[in-house]
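Undergrad: Pasted the sequence and its predicted model underneath.
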Amino acid sequence: MSLEMSNSFPAPPGPADEGLRRTKRQVQHPDLLSLSDSGTDTEGDGVSETGSDSETEPNEAPQTQSRLSVQGPAHFPAKKEDSGGQTQPKTDGDLHIHSVLECGCEVMTCQFSKDGSLLAVGLCNGSIKVYSTNSGELIQTLKDSSSVLSGLPVTSLRFTQSGQSHCLLLATYASGSVRCWYVWGQQCVWWLKEARDGERVQRQTLSLSISPSGERAVTGGSDAFIHLYDLATHQRLQICGASGMKTVMDGHWLRVIAASFHPERETQFISGGWDNTIQFWDTRQQHSVRMISGPHVCGDALHIDPSANQILSGSWRKHNSLEVWDYDSGKKVSEVPQDPHGDSKIYTCHWFGQDHIIAAGTQANVLRVIDRRSLKTESRLFGLPSAVFSSSACPSGQWAGLIAATSGDRVFLLSRNQHVKKHHL
């Protein structure tokens, strides 16, 4: 990847940052975050991108008038989802609780690094904690004055590398910002605030994906538009969205909660959200090239398996919550039956190796490991006190196959091998 480190870094957070007052907010759903006075949830217009007005001033605080409001379509529950906390989390099948990370704040998203050595955890208060996969120890807390003052959640995380092989972490925030962190230096290398040309009102940034080469990134947000960036220059290349034509749906018209580049096609990515569609995009075009109708995506629940060229989608609903699609034809390949122990509305799902699927969400508050061929649940994490907003599977290294699942202010690390050595936390 050609992303270069800036010549001058902002100073690492000091004691003054620790003393800043934090505003605590109870967030029910990661997809229900809205800046109540932003007015960004409007139907999309056709946008012609002529340049980037994204600001890259790391010391500038976000607009103070932005407030968190838990809102959404009427069919979303208003009360906090909780199973009552009467039981302790348990597992069945060959799944075992390896260790539990106590994060001190509600966890919204998590992501393993590509080499499997690190686990990044994005919190409701706008900070990021980075843990060692090997020891389970907290090794870095990534935050600056702007993220602390905004007090708005981290919404998505993706690891990447600079041209000098420095470990970088891209993060999006409900405050409408994108930050690139140098993990080991605990420094924000660059950041930008997302706004359309000529507009000062920020949107909420809710999803993120990086292209196979690591040279491009896309972000989805509350305004139904997708921003395409060059990670070497930090400049926005294009705003992708619907044309506004009444005869064709060539883009989203509600929030974009998930985005995913095709792992083997540099110019192709897909997206999903509240409008019950999966949109297919070419980075060289402003509008989507085709769509699938159906999935109601409310989390990181849209992923492509390049070996079978199939899409896994997770929907926040009782029926047809897990579906598999053929990427090229757009035809449905299969539906994963609900767990007989209880229905789950899906927030997060992933391909897990060649033979399994991971899926988790709310209502039953369960994470399942599902056999890809039989579509039957092989093992579960259950008895959780709150919904599973996010999950991640360690892709390589000593802990390859370790699963991270968030619930409340904790991250459960799950192994399918009961002989794995425990972390001493």
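TA: Looks like it came in fine.
Undergrad: what about the helices in the protein?
TA: Along the chain, the stretches classed as helices by DSSP state H are 15-18, 145-150.
Undergrad: and these, which one is worst for confidence?
TA: Of all the helices of the chain, the minimum mean pLDDT falls on helix 15-18 (a mean of 32).
Undergrad: can you pull the contacts of the residue nearest the centre of the chain?
TA: Taking C-alpha atoms, centre = their mean, the centroid of the chain lies closest to S156, which sits 3.4 Å from it. By C-beta atoms under 8 Å, 6 or more residues apart in numbering, the contact list for S156 reads 109, 122, 171-172, 205-208, 300. Every C-beta, even on glycine, is put in place using the N, C-alpha and C of the backbone.
Undergrad: what's the distance between R416 and Q202?
TA: From R416 across to Q202, the span is 42 Å (C-beta to C-beta, to the nearest Å).
Undergrad: which one of the two has more residues nearby?
TA: The neighbour count for R416 versus Q202, taken as other C-beta atoms under 10 Å, is higher for Q202 (24 against 19).
Undergrad: burial measure for the closest residue to the more buried one other than its chain neighbours, as a count.
TA: Excluding the flanking residues, the one nearest Q202 by C-beta to C-beta, 6 or more residues apart in numbering is G176, at 3.2 Å. For G176, the neighbour count with other C-beta under 10 Å is 28.
Undergrad: Surely G176 touches L206?
TA: No: between G176 and L206 there is no contact under C-beta atoms under 8 Å: 9.9 Å.
Undergrad: residues touching the residue lying closest to V366 once chain neighbours are set aside, list them.
TA: If the residues on either side of it in the chain are set aside, V366 comes closest to F382, at 4.6 Å by C-beta to C-beta, 6+ apart. Counting by C-beta under 8 Å, 6+ apart, F382 touches 89-92, 341, 364-367.
Undergrad: Also L138?
TA: So L138 contacts 129-131 (C-beta under 8 Å, 6+ apart).
Undergrad: how much space is there between it and F382?
TA: L138 sits 27 Å away from F382, going by C-beta to C-beta.
Undergrad: Could you do L375 as well?
TA: 19 Å.
Undergrad: Check V218 too.
TA: Per C-beta to C-beta, V218 is found 34 Å from F382.
Undergrad: Repeat that for S260.
TA: 27 Å.
Undergrad: just C394 next, same as before
TA: 21 Å.
Undergrad: my read: S307 touches D355, true?
TA: No: using C-beta under 8 Å, S307 is not in contact with D355, being 11.2 Å away.
Undergrad: Pass me the low-pLDDT residue ranges in this structure, would you?
TA: 1-86, 163-165, 196-201, 418-425 (pLDDT under 70).
Undergrad: now the strands: where do they sit in the stretch 101-250 of the chain?
TA: Counting by DSSP state E, counting those that start in this stretch, the segments of the stretch 101-250 of the chain that form strands are 107-112, 118-123, 128-132, 138-142, 154-161, 167-173, 177-182, 187-193, 205-210, 216-221, 226-230, 235-240.
Undergrad: how about those, which one is nearest W325?
TA: Among the strands of the stretch 101-250 of the chain, strand 205-210 comes nearest to W325, with 17.3 Å by C-beta to C-beta.
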